[in-house]
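*Asks:* Can you look at this prediction? I've put the sequence above it.
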Amino acid sequence: MTLQEKKEKFIQSWGTLGSNWGINRTMAQIHALLLISEKPLSAQDIKKELQISVGNTNMNIRALIDWGLAHKELIPGDRKEYFIAEKDMWEVVKRIIIQRKKKELEPIIKMLEEIDAADIEIKDKETEEFVKVVKELELYSNKIDNTFDRLIKADSNWFVGTFMRMIR
């Protein structure tokens, strides 16, 4: 397999994996392209390399910037905007965790707080089951939230060391 074929396979595979992180395929492919690029790329470079529309390119670059997975880099004397990916993989993981937490976990926690199972008077089996499920969801949601907070604040050495101890 040539280097070009390997790069294309990486970009396609990263795009597929992106959907598991809550990132659309094109956004993940742009991220992959920026990750493996030795120099900053313009939107035009990205559009050409991935054969996607200008609108799709711009929308997904902005999303990558919003997620903190890419940033602009200005090249003196050039009017174009160039983009570069965050290449520290621990930072990438943390930023994905932050976004997933914001979009998925925090709304659940907010909804559970609004329901407030502690205020529900148990009158029958149906109510009892509802309260039980809500309390379990609260318990596990808060544990996940605390774990995410610890991961976000941790450095990569702590994470790797903890993970290795867990799998022994």
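*Replies:* Cool, got the structure.
*Asks:* Name the residues of the longest helix anywhere in the chain that are buried.
*Replies:* Among the segments of the chain that qualify as a helix by DSSP state H, the longest is helix 125-153. Within helix 125-153, the residues that count as buried by 16 or more other Cβ atoms under 10 Å are V131, V134, L137, E138, S141, F148, L151. In this view, the C-beta of every residue, glycine as well, is placed from N, C-alpha and C.
*Asks:* again, but for stretch 86-95
*Replies:* Neighbour-count burial for stretch 86-95 [16+ other Cβ under 10 Å]: E86, V92, K94, R95.
*Asks:* Could I get the average pLDDT for it?
*Replies:* Averaging pLDDT along stretch 86-95 yields 91.
*Asks:* quick revisit: can you tell me which two in the buried residues of stretch 86-95 are farthest apart?
*Replies:* E86 and K94 (9.7 Å; Cβ to Cβ).
*Asks:* What average pLDDT does stretch 58-72 get?
*Replies:* 96.
*Asks:* Can I get it in PDB, CA atoms only?
*Replies:* Extracted in PDB, the C-alpha atoms of stretch 58-72 (Å, rounded to 0.1, in the frame of the first residue of the first chain):
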ATOM      1  CA  ASN A  58     -16.800  25.800   5.800                       C
ATOM      2  CA  MET A  59     -19.500  24.400   8.000                       C
ATOM      3  CA  ASN A  60     -17.400  21.500   9.200                       C
ATOM      4  CA  ILE A  61     -14.300  23.600   9.700                       C
ATOM      5  CA  ARG A  62     -16.300  26.000  11.900                       C
ATOM      6  CA  ALA A  63     -17.600  23.000  13.900                       C
ATOM      7  CA  LEU A  64     -14.100  21.700  14.400                       C
ATOM      8  CA  ILE A  65     -13.100  25.100  15.700                       C
ATOM      9  CA  ASP A  66     -16.100  25.200  18.000                       C
ATOM     10  CA  TRP A  67     -15.200  21.800  19.400                       C
ATOM     11  CA  GLY A  68     -11.600  23.000  19.900                       C
ATOM     12  CA  LEU A  69     -10.200  20.300  17.500                       C
ATOM     13  CA  ALA A  70      -8.800  22.800  15.000                       C
ATOM     14  CA  HIS A  71      -7.800  26.400  14.900                       C
ATOM     15  CA  LYS A  72      -7.000  29.100  12.400                       C
END
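*Asks:* And it, what's buried?
*Replies:* Those would be N60, I61, A63, L64, W67, L69, A70, for stretch 58-72 by 16+ other Cβ under 10 Å.
*Asks:* Out of the buried residues of stretch 86-95, which sit inside strands?
*Replies:* Using DSSP state E, no member of the buried residues of stretch 86-95 sits in strands.
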